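Q: Fold the following, please.
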Amino acid sequence: MKYLISLNIAILFAISIYAQDIDSLFNEIGQIESVETQIEQLIKHAEYYAGTDNILSAQCIQKAENLAIQFEDSCALCIIKYGKGVLSQADSEYENALTYYHDAYRCAKTCHDAYILINSTNNLGVLNRYTENFSKALEWYELSLRFSREYVDTLKILHTLNNIGNIYNSTGEHNQAIHYYQTCMKEIENYGNHDFYYGTVYPNMAYAFYASGDLEKAIDYYKKGYQIAQVENNTYHSLVILKTIGEIYLENESPSKALMYLNKAEPYYREIDHKKSESSFYMLRYKTYLSLGKHEAALNDLEKYQSLQDSMDLQKMHVLLSDIQEKYDNEKLKQINSKQHETIRERNLMLIYIGLGGVFILVLLVVSIQINRYRKKTNLALKQKQNTINEGLYYGRFVKEKLMLTSPNTLTDIGLKHFIVDKPKEKVGGDFYLIREHQNGIYIILGDATGHGIPGGFISLTALNLFHRELQHHDKIQPADLLTNVLREWENMSNSKDAYDESFTAAVLFITDKQVEMADYRQKSILISEDKLSVIGKKTSLSSEIQNQKHAMKPGDWIVLSSDGYYDQLGEQSQKTYRFKNFTALIKSEINKPEINIKDSLREAHNRHKGNMEQTDDICVIGIGF
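A: Numbering: from 1, shown residues only. Here you go, the predicted structure:
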């Protein structure tokens, strides 16, 4: 209770300080003698706060509008309309912003207000550039430049010349862009004291020269832009320019120079927290190292890139799972409410009247007890957290294995030879399989979920659950129909716009007496019959229909299902993947050996190729012999 009271006091104190700051600002502006100047100052403050404190910005505009109405100043309405445009633009309400800026411009032409004429036309150019209406943007920028020269607004002249150059860069008219950037630099030299504009114009000029094919000048201007960024201590501009120079050198087959600039850029990425930018940097340097033949350094950057990608993928997966859980909970709640609504409403109404006072006291008591318990258990919970996570991972693996196999002896009991190699990269993985007896046959399913570890584990458990549910709902279902139903159900859960989602691949077998029905989705399998090997799966496109296939099996025939983890493994010495061709050759050479020997041979070949490299992906291989 003390904590809640202290929190409320702190909130009220913060609100009172915020209110005092607003009153202080308005009182300070109110001391200005000219009402017109007061209004102008209020709008400039509104423009300053737009995007960072839109509430304060709106209050400044309202205060200015009240003054204009009170003193019947029609020209003051120009700057108020402009202020509303600035606020709408900050809120991304571009249609409203365009309307306000147009009104402000028309009003300013009548009142000859230089500030509004220059800035409203400039902002109309900005908004049209946002919407890629470049011809209209150019018209407004040219008009803003004319007003800036007419009223001698140096900063706006420089700003608008640079904006016009950017428009021509966007439309591919790079020589025109260069002309305006050069004009801007001449203006900077004439007026002086605006060196900070070089930091903006130099990189734009560099891009125009590079796009027009002048590599030497492009590099020169990028270097000048970097020098300005260093003087201004601008971390973001520094890293962007250095990375861009590295990209240019790499594209023009100068990887050594590219590496030099990329290494200069790396320390700046430690100062920012932007995983997407950092991952693109490591991918670029990985390609540079490859071009130089520095494979160990390339692999190191590739691992950093993959780590950042995994982190971003995990974040996306948490959002996806949260959305799916929320939809499931809402659907379940609706079902319960539809059946019990009337009964619960009548009962709760009676309980509310009888026990309102007692419930209120009980809630206060429970809250107090829970707060005390929470304080006592916090330290213990932190210590137990890691153990709980590890136990959860092991249990997740246990649950997944229970879902995958009805009985350890299922295949042996029906007279099928078999081997299973299941080797996840981490404690839990994205590869999964399902072996389940069903009426007159047995279903064998092998799937490969996107990713590995916890994200892959989430997806594989969801996919296993969907396969189990489909098999429970059908007495007999063809593999193609089973696979199609599961993929469509996944599509509905994940709101994918594609025909099927790409979250996992799978192959499905239904085995009866000496016959196999099969269907696959983006997963290849192997058939060995009379010592001849063929690939019977295919890489199904998202738009094509999944087809059912039938194969008559003879004694000695084998079908081998596999995820891509085995043959996508990078080798320590070769720095290349094992490849599907080598995998099929290994299977063919070992298939006539006892099943336990086949498993051992697969594991030995994988470990020999991998060496001391980290396992690249989850591995799952299932062989069925007749």
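Q: Skipping its backbone neighbours, what lies nearest residue 426 in space?
A: residue 453 (4.3 Å; C-beta to C-beta, 6 or more residues apart in numbering). (C-beta placed from N, C-alpha, C; glycine too.)
Q: Quick check: the gap between the residue lying closest to residue 456 once chain neighbours are set aside and residue 128.
A: Take residue 456 and drop its neighbours on the chain: the residue closest to it by C-beta to C-beta, 6+ apart is residue 430, 2.5 Å away. From residue 430 over to residue 128 the distance is 47 Å, taken as C-beta to C-beta, to the nearest Å.
Q: again with residue 265
A: Per C-beta to C-beta, residue 265 is found 34 Å from residue 128.
Q: and if you look at residue 320?
A: When residue 320 is compared with residue 128 (using C-beta to C-beta), they lie 37 Å apart.
Q: Quick check: buried residues in stretch 265-282?
A: Applying a neighbour-count criterion of 16 or more other C-beta atoms under 10 Å, one finds 265, 266, 268, 269, 278, 279, 281, 282 buried in stretch 265-282.
Q: Where does confidence bottom out across those residues?
A: Taking the buried residues of stretch 265-282 together, the minimum pLDDT is found at residue 269 (80).
Q: pretty sure that one is touching residue 276, no?
A: No. Checked against C-beta atoms under 8 Å, the pair residue 269 and residue 276 is beyond contact range at 11.3 Å.
Q: what are the ranges of the strands in the protein?
A: Counting by DSSP state E, the chain has strands at residues 417-423, 431-438, 441-449, 504-512, 515-521, 525-529, 532-535, 549-552, 558-562, 619-625.
Q: The third one pairs with which strands?
A: This points to strand 441-449. Using DSSP bridges, strand 441-449 pairs in its sheet with strand 431-438 (antiparallel), strand 504-512 (antiparallel).
Q: winner for burial among those?
A: Comparing the strands paired with strand 441-449 by mean neighbour count (mean count of other C-beta atoms under 10 Å), strand 504-512 ranks first with a mean of 23.
Q: Between strand 525-529 and it, find me the angle.
A: Per axes from the mean of the first three to the mean of the last three C-alpha atoms, to 10 degrees, the angle that strand 504-512 makes with strand 525-529 is 30 degrees.
Q: just the CA coordinates of strand 504-512, formatted as PDB?
A: Output in PDB follows, covering the C-alpha atoms of strand 504-512 (Å, rounded to 0.1, in the frame of the first residue of the first chain):
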ATOM      1  CA  PHE A 504       8.300 -26.100 -42.600                       C
ATOM      2  CA  THR A 505       8.800 -28.800 -45.200                       C
ATOM      3  CA  ALA A 506       7.400 -32.300 -44.900                       C
ATOM      4  CA  ALA A 507       7.100 -35.700 -46.500                       C
ATOM      5  CA  VAL A 508       4.200 -38.200 -45.600                       C
ATOM      6  CA  LEU A 509       4.200 -42.000 -46.200                       C
ATOM      7  CA  PHE A 510       1.200 -44.300 -45.700                       C
ATOM      8  CA  ILE A 511       2.500 -47.900 -45.800                       C
ATOM      9  CA  THR A 512       0.200 -50.900 -46.400                       C
END
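Q: Distance-wise, check the closest residue to residue 103 other than its chain neighbours relative to residue 96.
A: Ranked by C-beta to C-beta, 6+ apart and with sequence neighbours excluded, the top spatial neighbour of residue 103 is residue 81, at 4.6 Å. Remark: distance between residue 81 and residue 96 (C-beta to C-beta) = 11 Å.
Q: One more: residue 169?
A: Separation of residue 169 from residue 96 (C-beta to C-beta): 29 Å.
Q: for residue 34, same thing?
A: Per C-beta to C-beta, residue 34 is found 30 Å from residue 96.
Q: So between the two, which is more surrounded?
A: The residue with more neighbours, out of residue 34 and residue 96, is residue 96; 15 against 9, by other C-beta atoms under 10 Å.
Q: OK, contacts around the closest residue to the more buried one other than its chain neighbours?
A: Nearest non-adjacent residue to residue 96, counting by C-beta to C-beta, 6+ apart: residue 88, 4.1 Å away. Going by C-beta atoms under 8 Å, 6 or more residues apart in numbering, residue 88 touches 94, 96, 97, 100.
Q: Could you give the number of residues near the third one?
A: Other residues within reach of residue 97, judged by other C-beta under 10 Å, total 23.
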